[in-house]
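Trainee: I would like the atomic coordinates for the input below:
(chains A and B)
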Amino acid sequence: MTVHQAPTAFTDRASGYAAFLTAHRSKAVLRFIACGSVDDGKSTLIGRLLHDTKQIFDDQISALQRDSRKHGTQGQEVDLALLVDGLQAEREQGITIDVAYRFFSTDKRSFIVADTPGHEQYTRNMATGASTADVAVILVDARQGLTRQTRRHALLVSNLGIRRVVLAVNKMDLAGWAQGTFDGIVAGFSDFARDLKFSEVKAIPLSAKNGDNVVDAGVAAPWYTGGPLLTYLETVPVHAEALNAPFRMAVQWVNRPNSEFRGYSGRIASGRVRPGDSVTVQPSGRTSTVARIHTADGDLPEAGEDESVTLVLADQIDASRGQVIVATDAPMRVTETLDARLFWAAETDLSPGASLFAKIGTATVTATVERIVSRIDPETGKPGPAERLSANDIADVSLRLDRPVAVDAYAENRETGSLILIDRETTDTAALGLVQAPKATAATPGAAMPGAAKAADGGGLLARLGRLFGR
Amino acid sequence: MSAALAAAVPPSATMRAQTAADRLSHLKRLEAESIHIFRETVAETENPVMLYSIGKDSSVLLHLALKAFAPGRLPFPLLHVDTTWKFREMIAFRDARAKELGLDLLIHTNPDGLARGVGPVSHGSEVHTDVMKTQALRQALDRHKFDAAFGGARRDEEASRAKERIISLRTAQHRWDPKRQRAEPWHLYNLRKKRGESLRVFPLSNWTELDIWLYIEQENIPIVPLYFAKERPVVERDGQLIMVDDARLPLAPGETPQQRLVRFRTLGCYPLTGAVESDAATLPEIIGETLAARTSERQGRVIDKDGAGAMERKKQEGYF
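Mentor: Coordinates of the predicted model:
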């Protein structure tokens, strides 16, 4: 589904093009995740968004009509879900089995949608989709109301750091557009979500099948005046909750084409950097000054979050792949032990003592599971005892690493506080992990970890984590 | 729901407030993500290669690769799987770029297919694609023992592509298993694999057709002239305008190529690639046309119409 604008060709090509470029360059990108249970109509909703924002081409419409006759579940009508259920197996079973990314754009914004399946066994896909999203759209079938899945999805996106949620109450046409039904679902969700640390929950009654309140305002529910889903997505602040985190860049590649040049290439995870800034290489702890910010387009006077650059340092200090270049006055925590919240993705069970690879930034180390602290109830967020973990479990564990790494807490920095665990035999990604802040008693202030000590002293942090992780 | 949650972290000298002016443009962000993917792959694999198909996406891919390792040289070779049916202008462009940039370019043609005379006209699109592209690619990857291959596929191209990971694992037989894909959260890519397995890496996953064109314009990236409108000799076959690029395309009795003002939205083997009537001869005109298009770019590709799920099946068999 190729992005193209709804408007027709520029009537005056030259001026139309200039205006388009100006508008396009200032356009922000919003990444959101759509989650819902089987049959909540998620694929239909995304198909509707693509269709009504005119992202679907004529040849795709004719393919859709052909496919609808073969696989459709909407009788004589075109089944919009078939636009997004790309795999044969999905069409045959009428379900979504894997996370897919969709692209569309309007005059105001470009969108990347992570379309994730709702079955319990695919929790990992939802966590993956949520890991880079700004907003979550949680679908509820108006006739079913809130289900266990709704609670799981809400808890999961909250865990992954999403702060803005749309509660999309779908199939309102089949519920007679009854305001009482809608209000009941909203009240139930607010009650449940009180501890989930969302900064905003936007509830919208809609019908993905008919298109009411998706792109255009519906007329069937005069009692609702909050605007359609697309209007919300076009106006919700992007990165509003992004913390102004200090400078961090993991070294990906040492660029040494000749004896004259030695640069450290990486993508800036957070913060900003300028020549002259004092930086420290962690975990080694050596300090230097940024001499140049090199790119293929010339040196930059300043660079920030998400930019891929090559830093040249003033001193000949040794930095290699796996280390992190950070602002000297706001270092990361250097540690060989980690408390992490895991989303277990492997089909095999995890027991204490298991040894896996952990990829943290650009560092890959060996991690041993010292202890399963607790398994988290996926519906309530309450911790409980566990001796082993199986597929799709969420749990807090203690990891011991074979060498020190530099980390931040996930609550402080999504990029430098995340990790994946890799099965050493199958090489599959076995778990997604969120680094937890050190517990107050474990936060031993010392030269090696001033950042951690400072953060723990910062007050409010532990309380915020407590709220986030439901303790 | 309180809105006061973000008011937490103490300010520090290094935490400069981000202003709107600091916000990266969409294209800059895509560029940075692609460069990150190139560097991760080169750092964690032993023998990577870049699949170079000469098309506009390959041109962008090459441009990004050069940026990722500047001022150093490209740390991997390029591989072109030559079916011998590409447009002549594509081959000329390929050779000129390789010379100009000093590229390490490998060219592979399936010798069995060549000996058997397999081609799109005589054997049809499915057999031709399987033998001269899919099998040829597998031969080349096996011969050079490449353990990772960069490709220019984008998720917006086709429904089964939308489910593809950026780092995609292939079995020793080069098969793709859509049900056994790895989770790929944040920007943490798992590049590990067992002996014999290999990776396909797609740095352009999150780009759209429009992004590609805008980036080509912004960066002034050279592309094959076939993308620009020009009078070209074409015949109409099954509703497609096929360019008569050489004498190998058989003409029906009485059929004569017509000079029409056309261009191509995608490039491949010339008998399998439909042209579109267009007078767009500059990048802004092409971008304007892309914005107003009513058909997808793949509409000009004959092989995508080999039945529902055709692309998914080809991918499972090892097609890029």
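Trainee: residue ranges of each domain in chain A, please.
Mentor: A:27-238, A:243-327, A:333-456 (automatic domain parsing).
Trainee: redo those domains as CSV? Include mean neighbour count, mean pLDDT and distance to B:Pro284.
Mentor: In this view, the C-beta of every residue, glycine as well, is placed from N, C-alpha and C. CSV is the format used below for the domains of chain A (neighbours: other C-beta atoms under 10 Å in any protein chain shown; pLDDT from 0 to 100; distance: least, C-beta to C-beta, whole Å):
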stretch, mean neighbour count, mean pLDDT, distance to B:Pro284
domain A:27-238, 20, 84, 18
domain A:243-327, 19, 95, 22
domain A:333-456, 20, 88, 37
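Trainee: and those domains: which comes nearest chain B?
Mentor: Distance to chain B, taken as C-beta to the nearest C-beta, is lowest for domain A:27-238 among the domains of chain A, at 2.9 Å.
Trainee: can you pull out the helices in the chain?
Mentor: Picked chain A for this. Secondary structure of chain A (DSSP state H): helices located at A:13-25, A:42-52, A:58-71, A:88-93, A:123-131, A:148-159, A:179-193, A:229-235, A:450-457, A:461-468.
Trainee: to clarify, I was referring to chain B.
Mentor: Going by DSSP H, chain B shows helices at B:26-44, B:56-69, B:88-101, B:111-116, B:120-128, B:136-144, B:209-219, B:283-292, B:310-316.
Trainee: turn these into JSON lines, including mean pLDDT and distance to B:Leu241.
Mentor: Converted to JSON lines, the helices of chain B look like this (pLDDT from 0 to 100; distance: least, C-beta to C-beta, whole Å):
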{"stretch": "helix B:26-44", "mean pLDDT": "95", "distance to B:Leu241": "32"}
{"stretch": "helix B:56-69", "mean pLDDT": "98", "distance to B:Leu241": "19"}
{"stretch": "helix B:88-101", "mean pLDDT": "97", "distance to B:Leu241": "16"}
{"stretch": "helix B:111-116", "mean pLDDT": "96", "distance to B:Leu241": "27"}
{"stretch": "helix B:120-128", "mean pLDDT": "94", "distance to B:Leu241": "16"}
{"stretch": "helix B:136-144", "mean pLDDT": "95", "distance to B:Leu241": "27"}
{"stretch": "helix B:209-219", "mean pLDDT": "92", "distance to B:Leu241": "20"}
{"stretch": "helix B:283-292", "mean pLDDT": "85", "distance to B:Leu241": "16"}
{"stretch": "helix B:310-316", "mean pLDDT": "59", "distance to B:Leu241": "22"}
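Trainee: mind putting those into TSV with mean neighbour count and distance to B:Ser198?
Mentor: Converted to TSV, those look like this (neighbours: other C-beta atoms under 10 Å in any protein chain shown; distance: least, C-beta to C-beta, whole Å):
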stretch	mean neighbour count	distance to B:Ser198
helix B:26-44	23	12
helix B:56-69	23	18
helix B:88-101	15	24
helix B:111-116	14	22
helix B:120-128	17	24
helix B:136-144	18	7
helix B:209-219	21	26
helix B:283-292	20	34
helix B:310-316	19	14
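Trainee: save these as CSV, and put in distance to chain A too.
Mentor: Listed next are the helices of chain B as CSV, based on distance: least, C-beta to the nearest C-beta, whole Å:
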stretch, distance to chain A
helix B:26-44, 4
helix B:56-69, 4
helix B:88-101, 13
helix B:111-116, 27
helix B:120-128, 17
helix B:136-144, 19
helix B:209-219, 4
helix B:283-292, 4
helix B:310-316, 6
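Trainee: ok, now which ones touch B:Glu219?
Mentor: B:His63 (C-beta atoms under 8 Å, 6 or more residues apart in numbering or on different chains).
Trainee: now the nearest residue to A:Ile360 once chain neighbours are set aside, which residues is it bridged with?
Mentor: Counting by C-beta to C-beta, 6 or more residues apart in numbering or on different chains, A:Ile360 lies nearest to A:Leu419, which is 4.5 Å off, once chain neighbours are set aside. Per DSSP bridges, the residues bridged to A:Leu419 are A:Gly433.
Trainee: chain A versus the residue lying closest to B:Leu137 once chain neighbours are set aside, what's the distance?
Mentor: Among residues not flanking B:Leu137 along the chain, B:Val81 sits closest, at 5.1 Å (C-beta to C-beta, 6+ apart). To chain A, B:Val81 is 25 Å away according to C-beta to the nearest C-beta, to the nearest Å.
Trainee: distance of B:Ala92 from A:Arg194?
Mentor: 67 Å (C-beta to C-beta, to the nearest Å).
Trainee: quick one, strands of the stretch 101-250 of chain B?
Mentor: Listed in chain order, the strands of the stretch 101-250 of chain B (DSSP state E, counting those that start in this stretch) span B:105-108, B:148-150, B:167-170, B:198-201, B:230-237, B:240-243.
Trainee: for the fifth one, what is the distance to the chain centroid?
Mentor: If I follow you right, that is strand B:230-237. Centroid separation for strand B:230-237 versus its chain: 24 Å, with C-alpha atoms, centre = their mean, to the nearest Å.
Trainee: as JSON lines, the strands of the stretch 101-250 of chain B with mean pLDDT and distance to chain A would be great.
Mentor: Compiled in JSON lines, the strands of the stretch 101-250 of chain B are given as follows (pLDDT from 0 to 100; distance: least, C-beta to the nearest C-beta, whole Å):
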{"stretch": "strand B:105-108", "mean pLDDT": "98", "distance to chain A": "20"}
{"stretch": "strand B:148-150", "mean pLDDT": "97", "distance to chain A": "14"}
{"stretch": "strand B:167-170", "mean pLDDT": "94", "distance to chain A": "8"}
{"stretch": "strand B:198-201", "mean pLDDT": "96", "distance to chain A": "11"}
{"stretch": "strand B:230-237", "mean pLDDT": "95", "distance to chain A": "17"}
{"stretch": "strand B:240-243", "mean pLDDT": "94", "distance to chain A": "12"}
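Trainee: return the most buried member of the ones you listed.
Mentor: The highest average neighbour count among those, using mean count of other C-beta atoms under 10 Å in any protein chain shown, belongs to strand B:148-150 at a mean of 26.
Trainee: for it, which strands pair with it and how are they oriented?
Mentor: Strand B:148-150 is paired, per DSSP bridges, with strand B:48-51 (parallel), strand B:198-201 (parallel).
Trainee: what's the closest of those to B:Lys133?
Mentor: The minimum distance between B:Lys133 and the strands paired with strand B:148-150 falls on strand B:48-51, with 10.6 Å, by C-beta to C-beta.
Trainee: could you check how far that closest one is from the centre of its chain?
Mentor: Centre to centre, stretch against its chain (C-alpha atoms, centre = their mean), the figure for strand B:48-51 is 12 Å.
Trainee: got it, and stretch A:155-169?
Mentor: On C-alpha atoms, centre = their mean, the centre of stretch A:155-169 falls 10 Å from that of its chain.
Trainee: and it with chain B, contact?
Mentor: Yes: contact between stretch A:155-169 and chain B, assessed by C-beta under 8 Å from any C-beta of the partner chain, occurs at A:Arg163.
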